[in-house]
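**Student:** Requesting a structural model of the entry that follows:
(chains A and B)
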Amino acid sequence: MAKAFFSRSAALGLAGTGGFLIAWEALSRSGLVSPVMLPAPSVVLRSGAALAETGELGAHLAASLWRAALGFAIGATLGVASGVAFARSDLLYGLFNPLVQVFRAIPSLAFVPLAIFWFGIGETSKIFLIAWGVFFPVWVNAFIGVRDVSQLFVRAGESLGASGWRMLIFVVLPAALPMILAGLRVSLSIAMVLLVAAELAGALHGVGYLIQVSQQVFRVDLMFVGLAALGLMGFAADLVFERAVRLLFPWYAARETGGRPARADDRRPMTSSLRGAPGA
Amino acid sequence: MTAAAILEGPVTAGVSIRPLLEIDGVSHVYRSALGTETTALDGVSLSVARGEFVCLLGPSGCGKTTLLNMIAGFVTPSSGRITVDGETVRGPSPSRGVVFQDYSLFPWLTAGQNVAFGPRMAGQGPAARRQTARELLALVGLPDAADRYPAELSGGMKQRVAIARALATDPAVLLMDEPFAALDAMTRAALQRQLLAIHEARSKTVLFVTHNIAEAITLGDRVVVLSPHPGRVAADVTVDLPRPRRRTAPGFNALYAHLADAIGAETTE
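**Tutor:** Residues are numbered from 1 along each chain as shown, chains lettered A, B, ... in the order given. Sure thing, here's the model as predicted:
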């Protein structure tokens, strides 16, 4: 990371973020707006530090991360498995595709009240909602990735003796992997949306809950702490995802750069999603 | 010596050895989305002897790729029969190696793993198949490419790895579908030389599809010309020029004109 600070894009990013923070600080101190409604970044930072010191911020973050991770894991696993199964089985596809399409068309946020009614405001409703929201984009991408797998790769595999499950494992799934990864990446941000929606609707811990409660006690600075925490969580999740992909699938990186797998320092983002979290 | 004899001598039907590849009255009719039927191939018969290098020459749309795909087992003939080594083709098999026109290397595997893929599917152990991959990559002139991913290789290198991969299952016949069409002239000439060297070293039977007349003359022991609409065998010419065949060699141009005629005369119909 240290080297990246000297690259042009990192320097520009730093300058932009720094400029934004300075402007925000100045605006909040200028008297043009109420510093209570728009606390300066320095104030937000202090409040955040104070909250972290008591361990409260950590507890909220841990609760949210745990929910997001578990919900994501469940939704992603089911999404990939059923997407692949649907693409490989005409029977399964014929039976359930209309149903899946209808469910998919319902915005997952609309399930928040129902999930709370069913599962209460405990962990189950949140994990269910996140898994539900994550499932569909992962399913769609896995399905399309496997269904539209390059005929060239399949034929090459066939002529080299691959068939049946070995064709699936050694040819079809790796060939569909870029699509599957894209679905998983999109789902990361969806998991965040549902996490917060579920926590706002009722919780005893979590970053969403922190924001909600801070509003009720008129602590705008703490609301900002919560927002910044969410931004950083999303940013970190994206970064971890990208690193994990590079580590697990070096060919994917090679494919992107058309050269040696790039070092993390000079990498380019795979997509532009989830960039630009608020600096803090 | 025997290889040279096969290369230079004309191969005719009626030789005591049974041909390796026999295509017997093969037709292919496909139906378009609108329901109209098109005959891509019409009663094509052809036999290829063991160790022979046959070029299938024809303009685009003459069904030469379809014919190759049928021999590979990717496409089922509407009628007729294809046998390799006395066995009717009923689907793809590692006994028929295929080199595709487009880059078909698996991008998720290194060059070495790509070459080792066939042996891996055949149940060969890791050490043995690594050895196979090493040998074949050396054979195609890429001894140091084993750990590189296809994305890191040039077009010519990719096709050389693809040839090595197709050879790894030790197929009875190597089916090549315009494998050098996307390469620049220099690379193409280099790969042609290398392919001939491999053909002689391993006495592999090769069926090579091309629309390039010079390429067909440079490579083939025999050039089979297919005419389009519907695909039929328009000419079957034995090339008895000594190798290496240069365009300046006597006989090259006469043969070129003959083949161009065979293609051109048919396409004007």
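**Student:** Report the separation between A:L57 and chain B.
**Tutor:** Distance from A:L57 to chain B, counting by Cβ to the nearest Cβ, to the nearest Å: 41 Å. For the C-beta atoms, the positions are set from N, CA and C on the backbone; glycine is no exception.
**Student:** Now for B:L46: which residues touch it?
**Tutor:** The contact partners of B:L46, by Cβ atoms under 8 Å, 6 or more residues apart in numbering or on different chains, come to B:L21, B:E22, B:I23, B:V54, B:V224, B:V233, B:D236.
**Student:** go with 6 Å
**Tutor:** B:I23 (Cβ atoms under 6 Å, 6 or more residues apart in numbering or on different chains).
**Student:** what's around B:D184, how many residues?
**Tutor:** Look at B:D184: counted by other Cβ atoms under 10 Å in any protein chain shown, it has 12 neighbours.
**Student:** cool, the one 3 residues further on as well?
**Tutor:** Using other Cβ under 10 Å, B:T187 is surrounded by 17 other residues.
**Student:** distance of A:S189 from A:L230?
**Tutor:** 11 Å (Cβ to Cβ, to the nearest Å).
**Student:** So for these two, which residue has more residues nearby?
**Tutor:** Per other Cβ under 10 Å, whichever of A:S189 and A:L230 has more neighbours is A:L230, with 21 against 15.
**Student:** Tell me how far that one lies from A:G48.
**Tutor:** 12 Å.
**Student:** Show me the shaky parts of chain B.
**Tutor:** Along chain B, segments meeting pLDDT under 70 span B:1-17, B:265-269.
**Student:** If we use 50, what do you get?
**Tutor:** Filtered on pLDDT under 50, chain B yields the residue ranges B:1-16, B:265-269.
**Student:** can you pull the buried residues of stretch B:225-242?
**Tutor:** By 16 or more other Cβ atoms under 10 Å in any protein chain shown, the buried positions in stretch B:225-242 come out as B:225-235, B:237, B:239, B:241.
**Student:** ok, now stretch A:210-226?
**Tutor:** Counting neighbours by 16+ other Cβ under 10 Å, stretch A:210-226 gives A:210-214, A:219-226 as buried.
**Student:** Out of those, which two sit at the greatest distance?
**Tutor:** The largest separation in the buried residues of stretch A:210-226, counting by Cβ to Cβ, is between A:Q212 and A:D221 at 15.0 Å.
**Student:** from what I can see B:G97 touches B:A164, true?
**Tutor:** No: with contact defined as Cβ atoms under 6 Å, B:G97 does not count as touching B:A164 (10.1 Å).
**Student:** Tell me which stretches of the stretch 101-250 of chain A form helices.
**Tutor:** A:112-119, A:123-147, A:151-159, A:164-167, A:173-200, A:207-216, A:220-248, A:250-257 (DSSP state H, counting those that start in this stretch).
**Student:** and B:G220, which of these is closest to it?
**Tutor:** helix A:151-159 (22.1 Å).
**Student:** now the angle between helix A:173-200 and the closest one, please.
**Tutor:** For helix A:151-159 against helix A:173-200, the angle by axes from the mean of the first three to the mean of the last three Cα atoms, to 10 degrees is 120 degrees.
**Student:** wait, does helix A:151-159 contact chain B?
**Tutor:** Yes: for helix A:151-159, a contact with chain B is found by Cβ under 6 Å from any Cβ of the partner chain, at A:L152, A:R155, A:A156, A:E158, A:S159.
**Student:** residues in contact with the third one?
**Tutor:** Meaning A:A156. Going by Cβ under 6 Å, 6+ apart, A:A156 touches B:S104.
**Student:** okay, now the closest residue to B:N69 other than its chain neighbours: neighbour count?
**Tutor:** Using Cβ to Cβ, 6 or more residues apart in numbering or on different chains and skipping the chain neighbours, the partner closest in space to B:N69 is B:V75 (4.3 Å). B:V75 has 17 neighbouring residues, counting by other Cβ under 10 Å.
**Student:** what's B:V75 sitting at in phi/psi?
**Tutor:** Torsion angles at B:V75 (phi, psi; degrees, to the nearest 10) stand at phi -130, psi 140.
**Student:** My guess is it contacts B:T65. True?
**Tutor:** No: B:V75 is not in contact with B:T65 according to Cβ under 6 Å; the separation is 9.4 Å.
**Student:** would you list every one of the strands in the stretch 101-250 of chain B?
**Tutor:** Along the stretch 101-250 of chain B, counting by DSSP state E, counting those that start in this stretch, strands occupy B:173-177, B:205-210, B:222-227, B:232-238.
**Student:** who are the neighbours of the third one, in terms of helices and strands?
**Tutor:** Translated: strand B:222-227. Here strand B:222-227 touches strand B:53-57, strand B:232-238, helix B:252-267, going by 3 or more Cβ pairs under 6 Å, 6 or more residues apart in numbering or on different chains; DSSP states H and E.
**Student:** What of the last one?
**Tutor:** Helices and strands touching strand B:232-238, by 3+ Cβ pairs under 6 Å, 6+ apart, are strand B:222-227, helix B:252-267.
**Student:** Check which strands are paired with the first one and give the direction for each one.
**Tutor:** So that's strand B:222-227. Note on strand B:222-227: by DSSP bridges, its sheet partners are strand B:53-57 (parallel), strand B:232-238 (antiparallel).
**Student:** That strand vs strand B:205-210, what angle?
**Tutor:** 40 degrees.
**Student:** just the angle between strand B:222-227 and helix B:252-267, please?
**Tutor:** Using the same axes, to 10 degrees, strand B:222-227 lies at 30 degrees relative to helix B:252-267.
**Student:** now strand B:222-227, how far from the chain's geometric center?
**Tutor:** For strand B:222-227, the separation from the chain centroid amounts to 13 Å (computed by Cα atoms, centre = their mean, to the nearest Å).
**Student:** domain parsing for chain A?
**Tutor:** Using automatic domain parsing, the domain parsing of chain A gives A:1-38, A:41-266.
**Student:** Let me know which of the helices and strands packed on strand B:232-238 is tucked in deepest.
**Tutor:** strand B:222-227 (a mean of 25; mean count of other Cβ atoms under 10 Å in any protein chain shown).
**Student:** what does that one contact?
**Tutor:** Here strand B:222-227 has contacts from B:54-58, B:62, B:64, B:216, B:234-238, B:262-263, B:266, using Cβ under 6 Å, 6+ apart.
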